[in-house]
Each structure stands twice: as structure tokens, then as C-alpha cells.
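Peer 1: One predicted model, sequence on top.
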Amino acid sequence: MSQDTRIEQKSMSNTPLSNRDLELLSAYLDNELRPAERDALNARLAHDAELRIALAELRANRLLLRQAPRLKAPRSFTLDPAQFSQSLPWWQRLLMPGVLQASGALGAVAAIALIAVGLLLGRGEQSTPATAQPAAEIAFQPTLAAVLPTSTLTATMPPTPSVAPTAPPTATIAISFEAQASEPELAAPAPMLAQPGIPAATQADIFADAFPAEASAEGMGTGGAVVPPAAGQLRDVPGAASAPPIAGEENGAPGAPLPTPTYLEESPASEAVAMQPSPSPMGAPLQKEAAPQEPVSAKDKTWQRRLVLAGVAALIVSGALFAIGTWKGRRL
Amino acid sequence: MVETSLIEAARRGDIPAFNRLIEIYQDMAYSVAFRILGDPDSAADATQEAFIAAYRKLHQFRGDHFKPWLMRIVTNACYDELRRQRRRLSASLEDFHETEPDSSDALHSHQESPEQHVQRSELSAAIQDCLNALPDDQRVVAVLSDIEGYPYQEIATITGWPVGTVKSRLSRARGRLRDCLRAVRELLPAEYRLQTEQAHQTGEPGHPY
């Protein structure tokens, strides 16, 4: 009997294996048994010929299957770039080298434009002080006018504050300020002058306007109470003696119409004050008003600077995008 | 290394790079699909679907085990194709035998004599017949383990089954193949009978490989 026949007889005499034995033999064949299971099976195989034959048959079958020829693809399964390039998610398409390069180039152009706009705005800012100066002068002029021509204004002041219940200087200056507000009021300022009930705050402002130093030193020092200027102080002011007395005030007739147009014409201070855009003729408030002018220009400069910086940052990012796109393109 | 750069490029939408990956793996993918499906046309369809799906899912791929990942997609495409076949109820063993000569043309036949080619074709057909007789899950695991040589853990990764399930399904598949191939073995060319007999002779315990 040949060896082949004996093997065939062994195989043919092979009895069906239990599922458990089949699983053990299969895993044993693939070296997938745990050491304990493997030792136990080795012990069984040493004594069980049927088990050994089953193992040999499984091994032979596995060898046969392993020798099954690898099939060759009947055609190429490559993808058509035209068909599948659009099937990518949008964020993947954004990361494609061409898109990165294009976005980098466009971003660079936009960044340069941003920088140019920022620089042009900066030049505009540098040239604007020449034109902005008059505005500042106009803004500051009332301050000077309110301080310097105090003599003119004080000339219209009554000699004593106790002459009338309503403060005459207040009324006089009020005419000046109201006159600048509108022409109709200039035409008929008397009713306003005649009004005795001017708020204390307004009076304080007006006094402070006429006497900035005293208002700040004395009036404000006393808790904001209005301290009228002393008669002596008023008389000491140059030109006070030559000032004509106010009609009606001497008679103690409060609220009598005053020749305000005359005062307005004669007083350059009034004209100067009338030019001011703000209703507050005070020096200090005007300075406060003028002071914000600088932060505004500084703000503009800050924005201009930010614009240029944003442009530079965008230029850097765009350059990086373009470089990455180029690098990716070369790598592929 | 080359494969990694190709994957990276393909992930960024480079179709030619992905096509190079396809060229590397298309024989393997088609072979597995054919062994699972048993029909060249269905295998070609499943392979094409698998590569398209792989390209679309490439952004989900993590790590550097591209082959098992691709095999999982191929296996899933085969399952989809099997479901379609069942719906159509058009696949029959006769049809398969009619198309078998075409599939045998796809075998690697470099420097093979006509006789060898015939023998190889017969072997392939015999193996395929036995594989076709298996249930789908057992066929899949038998193809991946005994034909493609994947270890259990990778088969578990490819199929998504636990390793224990892989082990038990493979053992049942081998039990069925044992019965089928016992009959086939007698019909095998002498060259293959000799090899299997040698395997029998080396079946002593302690030498699983």
C-alpha cells in the first residue's frame, strides 16, 4: 500500500469533529490558542490519532487555499479626475494647492490695497492740520475773547451788585450770548434781560465767564456759590470808569431794556463771543471742548495705524498661504 | 513611506495620487471581491464601488494601516453586492460556470504553459466552488484568513466582528471546506495533491505552521 493511499484512507476514515474540537484545531493551526489551551491540545493530539488526522487535513486545506492564484484585475479601477475632483467636501477643496495659491495671491492684493488705503489716510491726516487749525482757532478764540475783553464787559457792569435783584452784568452778558444764538433774539433782547428768574447756574456760568479767575478761585471755592465781583474789583478794571452807566439800573428798575445792540457793536468781546459755536463762552469749558479735538485726531491715527497693521498681517498670512500652496503643489 | 505620502496627497484631493494607490491594490481588492462574490462582473463592480467609497472616506482614515482599512471597504462593498444579487435573484451557479473562463483569464499566468494554466484554472474553479457553498460570513472570513493570510485581529478589524466571532466562523468555514475539498482533492492535479499530502505528513502536533 502506497503512502498516498494510506493518507487517503486516513482522510476518508476521518470522523466528524465536534465544533469545539474544530475550533481548537483551527485556532491551533493559526497559532491563536492561549498557552494553556495549546498545552492541553498538544496532550490530546499525542494520544488521539483521529484528531491528528483532522489537524493535518485542515493544514492541507489551508495550504491549498493559500496557493489559490491571486486574480488580476480585469481592468483599471482608477478614478477619473474630472469626475471626482468635485466630490470632495468643500473644506477639503479649500485645502487644495491651487486654491491655496489663488487665495494667497488674492489675499496679498487685498492686503496691499489695505496698506495703501491706510497710508493714504495717514497722508491725509498729515495735511489736515493746516485746514484743521482754523477750526481750532475758532474754537479757542472765544476763550481769548472772553478773557481779554473783560474790561469791555465789566464796563457795562453796575458799580454794585446790590443795585438790582437781578444781576445786571448777568443780563448784559446774557444779551451778548443770546445775540450770537440767533438774529431775532438780537432784535428783541429786552424781554430776556427783563426776566428776573435766570437760574443760578446760568448766573454762575456768566459770572465765571466774565471773571474766570475769581470764579475759579472764589466762587467755585465756596462750594459753587456765585460770588459777585466786588465793586472795587470792577472799577479797578481798566475802562470801567469810562463806561457809560446802564440806563435803568440806576433807577433800580430791574429788567429794563438795555441797548444791547450798542453793546454788541461796541464790544469786540461780544463779537468774538458771538462767533463761537458753543453756547458756553467760558474759557475753561471751551478749553475742555477744544481738548477732545486732539483725541479725535489721535483716534484717527490709531485707526490708520490699525489699518496698516491689519494689512501687513493679512499680507503675511496671504504669503504663508501661497507658500504652503506652492509647497504642496511641488510635493505632489 | 511612498504609500503614506500618496495617502496624504489623495486626502488633499489629488486624484492621480489616489489612482496610484488604486494601481497598487486593485489586484488584491478584485481578487478578494471575486473570491467573496464568485462572479467577475460583480467583483469588478464591487471593486470599483470600494475604491470610490475609499476616496470619499479617505479623510476618515487615521493611522498607517491602509491595507486593512481598504479591505474593510472592499468587504463592505462585497456585502452590498451580495444583497443586490439576492434581490435580483439572477446569480446562479450555471452563470458562474459560464463566466468562469473569463475569470480564469484574469489569473496571473506569466510563463505558464497551457497545461499549467488549465490546471491552475481548475484549481481556482474548484476552490471557488467550495467557497461559494459557504455562508457569506464564513466565506468572507475564509477568504481573508486562508487565501489572503490575515491574522485574526486584522480580520476582526476588517469585518468589525469580535476576534472570538472570527475564530468560530473560521473554524466552521474550515469544517465545511474540509468536506468540500476532500472531494475536490482527488480531482486536483498531481502537483497540488502532492503538496497537500506533504501537509498531511507534517501534521504532527506542535508544528501548526
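Peer 2: Arrived safely, thanks for sending.

Peer 1: helix/strand/coil for B:Tyr150?
Peer 2: Assigned with DSSP: H, G, I helix; E, B strand; the rest coil, B:Tyr150 falls in the coil class.

Peer 1: helix or strand for the residue most central in space within chain B, which one?
Peer 2: When chain B is reduced to its mean C-alpha position, the nearest residue by Cα atoms, centre = their mean turns out to be B:Val32, at 2.2 Å. Applying DSSP states H and E as the criterion places B:Val32 in helix B:15-37.

Peer 1: Break chain B down into its structural domains.
Peer 2: B:1-98, B:107-201 (automatic domain parsing).

Peer 1: any chance of these in JSON lines, with distance to A:Ile53 too?
Peer 2: Every C-beta, even on glycine, is put in place using the N, C-alpha and C of the backbone. Formatted as JSON lines, these follow (distance: least, Cβ to Cβ, whole Å):
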{"stretch": "domain B:1-98", "distance to A:Ile53": "27"}
{"stretch": "domain B:107-201", "distance to A:Ile53": "8"}
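
Peer 1: where among the ones you listed is the average confidence lowest?
Peer 2: Ranked by mean pLDDT, these bottom out at domain B:107-201, with a mean of 82.

Peer 1: distance between that one and the chain's centre?
Peer 2: Distance of domain B:107-201 from the chain centroid (Cα atoms, centre = their mean, to the nearest Å) equals 9 Å.

Peer 1: Sketch out the low-pLDDT regions of the stretch 51-200 of chain A for me.
Peer 2: Along the stretch 51-200 of chain A, the parts satisfying pLDDT under 70 run over A:85-90, A:92-93, A:124-200.

Peer 1: Which residues of it lie near chain B?
Peer 2: A:52-81, A:84-85, A:87-89, A:92-93, A:95-97 (Cβ under 8 Å from any Cβ of the partner chain).

Peer 1: Go through these and flag which are in helices.
Peer 2: Counted as lying in helices by DSSP state H, out of those, are A:52-66, A:81, A:84, A:92-93, A:97.

Peer 1: Filter those down to the buried ones.
Peer 2: Neighbour-count burial (16 or more other Cβ atoms under 10 Å in any protein chain shown) applied to those gives A:52-65, A:84, A:97.

Peer 1: Go through the residues you listed and name the one nearest chain B.
Peer 2: A:Ala56 (2.6 Å; Cβ to the nearest Cβ).

Peer 1: Next one: the closest one from A:Leu321, what distance?
Peer 2: Counting by Cβ to Cβ, to the nearest Å, the gap from A:Ala56 to A:Leu321 is 65 Å.

Peer 1: on that earlier part again, list the helices and strands the helix holding B:Val32 packs on?
Peer 2: helix A:81-84, helix B:2-11, helix B:40-56, helix B:66-88, helix B:114-132, helix B:136-142 (3 or more Cβ pairs under 8 Å, 6 or more residues apart in numbering or on different chains; DSSP states H and E).

Peer 1: any chance of these in JSON lines, plus distance to B:Gly160?
Peer 2: Below are the helices and strands packed on helix B:15-37 laid out as JSON lines (distance: least, Cβ to Cβ, whole Å):
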{"stretch": "helix A:81-84", "distance to B:Gly160": "26"}
{"stretch": "helix B:2-11", "distance to B:Gly160": "21"}
{"stretch": "helix B:40-56", "distance to B:Gly160": "15"}
{"stretch": "helix B:66-88", "distance to B:Gly160": "7"}
{"stretch": "helix B:114-132", "distance to B:Gly160": "21"}
{"stretch": "helix B:136-142", "distance to B:Gly160": "11"}
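
Peer 1: Could you measure from the residue nearest to B:Met28 when sequence neighbours are not counted over to B:Arg172?
Peer 2: Excluding the flanking residues, the one nearest B:Met28 by Cβ to Cβ, 6 or more residues apart in numbering or on different chains is A:Arg70, at 7.2 Å. Per Cβ to Cβ, A:Arg70 is found 25 Å from B:Arg172.

Peer 1: now B:Ala43
Peer 2: Using Cβ to Cβ, B:Ala43 is found at 24 Å from B:Arg172.

Peer 1: Neighbour count: the two, which is higher?
Peer 2: Neighbour totals were compared for B:Ala43 and B:Arg172, and B:Ala43 leads with 28 against 20 (other Cβ atoms under 10 Å in any protein chain shown).

Peer 1: how about the closest residue to B:Phe34 other than its chain neighbours, what does it touch?
Peer 2: Spatial nearest neighbour of B:Phe34, excluding adjacent residues (Cβ to Cβ, 6+ apart): B:Ala43 at 3.9 Å. With contact set as Cβ atoms under 8 Å, 6 or more residues apart in numbering or on different chains, B:Ala43 has these partners: B:Tyr30, B:Ala33, B:Phe34, B:Ile36, B:Leu37.

Peer 1: Out of those, the closest to chain A would be?
Peer 2: B:Tyr30 (4.2 Å).

Peer 1: contacting residues for that closest one?
Peer 2: A:Leu71, A:Lys72, A:Ala73, A:Pro74, A:Phe77, B:Ala43, B:Ala44, B:Thr47, B:Ala106.

Peer 1: go again using 7 Å as the cut-off
Peer 2: B:Tyr30 makes contact with A:Leu71, A:Ala73, B:Ala43, B:Ala44, B:Thr47, according to Cβ atoms under 7 Å, 6 or more residues apart in numbering or on different chains.

Peer 1: go on, A:Gly107?
Peer 2: Counted by Cβ under 7 Å, 6+ apart, A:Gly107 has contacts A:Ala314, A:Val317, A:Ser318, A:Leu321.

Peer 1: what about it, helix or strand, and which?
Peer 2: Secondary structure (DSSP H and E) places A:Gly107 in helix A:97-147.
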